[in-house]
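[1] got a predicted structure plus its sequence, pasted below:
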Amino acid sequence: MRNLTKTILFLGVICFANANEKDILSGGKNAKAPKTGEEIYNYWCLPCHGANKPGTKALEVLYQGSLPAELTKREDLVPEVVEFYVREGKHSMPFFRKTEINDKDLESLKAYLSKQ
Amino acid sequence: MILPNGVKESDFKTAISKFENILGKENVFTDEKDVFLYRDAYSSEWNEESEPIPSIAVAPKTVEEVQEIVKVANEFKIPLFPISTGKNLGYGSSAPNRRGDVVVDLKRMNKIIEVDDKRNFCILEPGVSYFDFYKYCEDNNLNVMMDIPDPGWGSPVGNALDHGWGYTYGMYRDHFGAHCGMEVVLPNGEVMRTGMGALPGAKTFAENKYGYGAYVDGLFAQSNFGIVTKMGFWLMPKPEYYALYSLTTKRREDIIKMVEILNYLEDSFIIGWPLYRSPLNPPHGKPMNPELESYLTSKNGKPDLEKIQNYALKNKIPYWQIDIPIYGNKEAVYANAKYVENRFKEIDGSEFKLVQEFALPLSKEDISKMKHKVSLGIPNMEIFWLSTRGEVLEPQDGHVWFSPIIPRDGKELLKCQDVYIDVFHELGMKSPITPFAHPRSWMYHAFCFMLNFGNSRTDIEHNKKLRAAYRKMIEVAAENGWGDYRAAPTFQDDVYNVYSFNNHILRRFVENLKDAIDPNGIIAPGRGGIWPKHAREAKKGGTK
Ligand SMILES: Cc1cc2nc3c(=O)[nH]c(=O)nc-3n(C[C@H](O)[C@H](O)[C@H](O)COP(=O)(O)OP(=O)(O)OC[C@H]3O[C@@H](n4cnc5c(N)ncnc54)[C@H](O)[C@@H]3O)c2cc1C
């Protein structure tokens, strides 16, 4: 059994080495995809909706203090509202495709923002 | 269901099931709700019949999958439109040139294949964003930076393939120019590597551009000869020190001498990207001073240059301000700054001041203080100030850029202002260009003198007027020898049309290539004004 494992390991190394030898462009790491609701928010939303950022500034002018402009400070966000803006966009905020925020990620984002 | 051009519904259904076999059902988007996410959010044809909405979108993960998709597309003559991260807002976003064409969304191909901070290059797949790349370099403590455009969510590959620009030294700022080596899936499904990559096992894919023989990389940018699946880029080592200076001058004509000196300093690599602007423009979102604004139309509807100049002098507002970054080690930065200051002494009344300086590596706090994060390759989205709600502005629904290239010459800039102002006067529209509108200096041997036309997602009539004004601007600019470097799909034919030397020989040459390499016309019909034969013939009413 130990020998078998060794052989498999050995074969694995050989295959990998061969692939590499044949093609020096075959390696690489996938860019890290955000997973949790918070990570998804930080990756996709924060650059515009963080403190002092353009989306926040726009909402500040709109709400005139009646609501917090930073999304993470809102207590009234419900999942439907989050989904609406992610998939419909608003003014110069475009909508997000499923290769960017897929349905599962959207669920996490909705849960994160409506729990804040 | 919107069908791809020239494809029968029954064939398309068969093709869809083949796509699903290759990619898995979850990576073939056929539901209208999902397909609509591939509209151009900034389209100037929003909700009109001509709006280029795709039929479906497919999202491969590997080069082999891309090849398979292309083969199916050939079988059924289905036009495909590749996007990398699809963030080309203002120039088309993720939508195809033509309604119905199938989008190939490469966002899932997000491998960072290699980053080398000793030989200063990287190799990336199309779905890697500038944010991803930056994070990778920071997480791995690498001493390189990539020149980036303003919004950080786009991709080096997609941006370079639309001839995008950034903010450090000239040679890095030209993102297509800074690429080195490509892997492309050709219209027949074969994979090709360019430059050194054509040598199996070559070790300099991303270091030496030319390999041997004819240089073909240019065929894959702003065009439709293949789907790019990998690209190499040259990277800039992080400097030890960075300082931002500000130069101000008092008079409109000072720009002539300023440009001359800045050209010398830039082309000698003494300074980085000069950010031209005029403090006569109010800060974003604030109204222009009413007195100054009145002078913009006080001479029979046109600007009164003398009154504007006097207003600036009386109120001690500099006419021009240029932000000038200098890179190097601390001693070199200071020495260069001294030299730059001396060069500008010949302009009467000019002032040169240090704005901010940083030793690298930067702390988080330094980064948050930085005025132009992009000038050290730090991606962000702050440029979206431009179209979000200011104090007096209704938020825009987005914009389409009009982006002509003009000579890097102050006199020509002033002439350009006059010409634009005249056009808008004739059109009876408020001119977005003023006698203190500034050039953009990304193109390191030319200026771009751009306009941003606000589009609407609710007002079709507004968009129609926008399109008429845009097309008029293309014509007038061309009459003056200025041609656009980039445009949204709606205007790509118009732009290419004015590049007409010798009866459009450039376009005819490229069309010959297109017919030979992509006889079924399946890759991005119309992109960059290049149409496959059958579409050209259909446009002319058919040859037979
Ligand atoms: C406020 C604002 C500021 C901006 N500032 C800048 C700036 O400073 N500099 C700048 O350059 N741009 C700027 N832009 C324009 C745009 O946002 C960026 O250029 C963005 O990086 C382009 O998106 P992308 O990288 O996702 O390209 P994509 O949308 O993926 O690609 C662009 C086009 O290239 C083609 N293409 C993409 N990938 C492939 C492929 N793999 N094979 C074949 N063809 C392909 C497609 O036709 C596609 O439409 C700005 C836009 C806005 C809204």
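    It's in. Numbers count the residues shown, from 1 in each chain, chains lettered A, B, ... in the order given.
[2] alpha carbons of stretch B:277-284, as CSV, please.
    The C-alpha coordinates for stretch B:277-284 follow below in CSV (Å, rounded to 0.1, in the frame of the first residue of the first chain):
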residue,chain,number,x,y,z
ARG,B,277,-6.1,71.3,-15.3
SER,B,278,-7.4,74.8,-14.6
PRO,B,279,-8.4,76.1,-11.2
LEU,B,280,-11.0,78.3,-13.0
ASN,B,281,-13.1,75.1,-13.0
PRO,B,282,-14.9,74.8,-9.7
PRO,B,283,-14.3,71.7,-7.6
HIS,B,284,-16.4,68.8,-8.6
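[3] buried sites along that stretch?
    B:278, B:280 (16 or more other Cβ atoms under 10 Å in any protein chain shown). No exception for glycine: its C-beta is placed from N, CA and C like everyone else's.
[4] now do that stretch, average pLDDT.
    When pLDDT is averaged over stretch B:277-284, the result is 94.
[5] now do stretch B:159-172
    97.
[6] again with stretch A:49-65
    Averaged across stretch A:49-65, pLDDT comes to 94.
[7] how about stretch B:214-226?
    Averaged across stretch B:214-226, pLDDT comes to 98.
[8] for stretch B:131-143, same thing?
    98.
[9] how about stretch B:95-111?
    Mean predicted confidence for stretch B:95-111 is 98.
[10] might you report the residue contacts of the closest residue to the ligand within chain A?
    Nearest residue of chain A to the ligand (Cβ to the nearest ligand atom) works out as residue A:92 at 7.2 Å. The neighbours of residue A:92, taking Cβ atoms under 8 Å, 6 or more residues apart in numbering or on different chains as the test, are B:42, B:384, B:387, B:388, B:395, B:396, B:397, B:398, B:399.
[11] where's the residue lying closest to residue B:298 once chain neighbours are set aside relative to residue B:369, distance?
    Nearest non-adjacent residue to residue B:298, counting by Cβ to Cβ, 6 or more residues apart in numbering or on different chains: residue B:304, 4.7 Å away. Distance, residue B:304 to residue B:369, by Cβ to Cβ, to the nearest Å: 40 Å.
[12] please apply the same query to residue B:185.
    Taken as Cβ to Cβ, the span from residue B:185 to residue B:369 is 44 Å.
[13] ok, these two, which is more surrounded?
    residue B:185 (26 against 12; other Cβ atoms under 10 Å in any protein chain shown).
[14] for that one, name its beta-bridge partners.
    Per DSSP bridges, the residues bridged to residue B:185 are residue B:191, residue B:227.
[15] thinking it is in contact with residue B:226, fair?
    Yes. At 5.9 Å, residue B:185 counts as touching residue B:226 under the criterion of Cβ atoms under 8 Å.
[16] which of the helices and strands in chain A ranks last by mean pLDDT?
    helix A:2-22 (a mean of 44; mean pLDDT, DSSP states H and E).
[17] from residue B:336, how far out is the residue nearest to the spatial centre of chain A?
    Closest residue to the average C-alpha location of chain A: residue A:40 at 3.4 Å, with Cα atoms, centre = their mean. Applying Cβ to Cβ, the value for residue A:40 to residue B:336 is 43 Å.
[18] equivalent analysis for residue B:367, please.
    In terms of Cβ to Cβ, residue B:367 sits 23 Å off from residue B:336.
[19] give the helix, strand or coil label for residue B:352.
    strand (DSSP: H, G, I helix; E, B strand; the rest coil).
[20] thought it was touching residue B:340?
    Yes. Under the criterion of Cβ under 8 Å, residue B:352 makes contact with residue B:340 at 6.9 Å.
[21] what touches both of those two?
    Counting by Cβ under 8 Å, 6+ apart, the residues touching both residue B:352 and residue B:340 are B:245, B:247.
[22] please enumerate the helices of chain A.
    Using DSSP state H, the helices of chain A run over A:2-22, A:37-40, A:46-49, A:54-63, A:79-88, A:103-115.
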